[in-house]
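S.K.: all I have is the shape, not the residue letters:
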């Protein structure tokens with residue numbers, strides 16, 4: 001059974017103990033908040049920056065101060081911040097791109113089971129794609145995402161589950177996880 005639609009109230013936990021990763025139980029998870037921020041540079045188009053975030057988080061509503069439009073700009077770099085109530089479009093994008101294992105690794109590098117912080121490329125997001133940025137400076141800027149809640153690790157393992165995990169099971173922090181710099185671990189015999 002592959003989980004498809006996720007709500008923030010429940011998910012199917014794929015037990016690591018049982019053969020073939022059969023659903024063991026439905027657990028309640030509480031996601032308190034999805035915080036999203038990005039840095040708007042003086043030379044960037046505010047509407048395009050907002051569009052890039054909203055392509056994956058459509059209900060994101062940033063707090064924006066008045067900005068002077070036109071060129072040359074006298075604006076300073078500004079962090080625009082807001083929250084989203086859903087991560088569904090983001091999960092759909094990583095599933096469509098077949099990067100569920102990469103997403104699991106990248107999203108859980110800086111986690112503690114209650115907070116999950118990661119960044120994605122704003123330029124890729126503008127195209128409706130997800131590209132994780134691991135601390136590097138990227139062309140087009142990045143989007144910083146912080147998810148807080150209870151039971152996030154189990155929820156993320158379930159949310160990124162796919163049929164391939166029947167053959168090669170995965171879990172957060174396992175021996176198959178990518179290194180902190182994003183390089184892959186070799187696991188082929």
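M.R.: Good, I have the coordinates. Nothing here was measured: the structure is a model prediction, and the numbers come from that model. Numbering: from 1, shown residues only.

S.K.: secondary structure element for the residue of the chain positioned farthest from its centre?
M.R.: Distance to the chain centre peaks in the chain at residue 72, reaching 34.5 Å (criterion: CA atoms, centre = their mean). Per DSSP states H and E: residue 72 is located in neither a helix nor a strand.

S.K.: OK, contacts around the residue nearest to the spatial centre of the chain?
M.R.: Of all residues in the chain, the one closest to the mean position by CA atoms, centre = their mean is residue 107, 5.8 Å from it. Contacts for residue 107 (CB atoms under 8 Å, 6 or more residues apart in numbering) come out as 116, 118, 132, 156, 160. All C-beta atoms are positioned from the backbone trio N, CA, C, and that covers glycine.

S.K.: please apply the same query to residue 81.
M.R.: 35, 36, 37, 62, 63.

S.K.: kindly indicate whether the second one is helix, strand or coil.
M.R.: This points to residue 36. Classification of residue 36 by DSSP: H, G, I helix; E, B strand; the rest coil places it in strand.

S.K.: does it really touch residue 82, like I thought?
M.R.: Yes. Using CB atoms under 8 Å, residue 36 is in contact with residue 82, at 5.9 Å.

S.K.: shared neighbours of the two, which are they?
M.R.: residue 60.

S.K.: more neighbours: which of these two?
M.R.: residue 36 (23 against 19; other CB atoms under 10 Å).

S.K.: just the element for residue 92, please.
M.R.: helix 88-96.

S.K.: return the set of buried residues in that helix.
M.R.: 88, 90, 91, 92, 93, 94, 95 (16 or more other CB atoms under 10 Å).

S.K.: tilt between the helix or strand just after it and helix 88-96?
M.R.: Sequence-wise, the next helix or strand downstream of helix 88-96 (DSSP H and E) is helix 100-107. When axes from the mean of the first three to the mean of the last three CA atoms, to 10 degrees is applied, the directions of helix 100-107 and helix 88-96 differ by 130 degrees.

S.K.: all set now, cheers.
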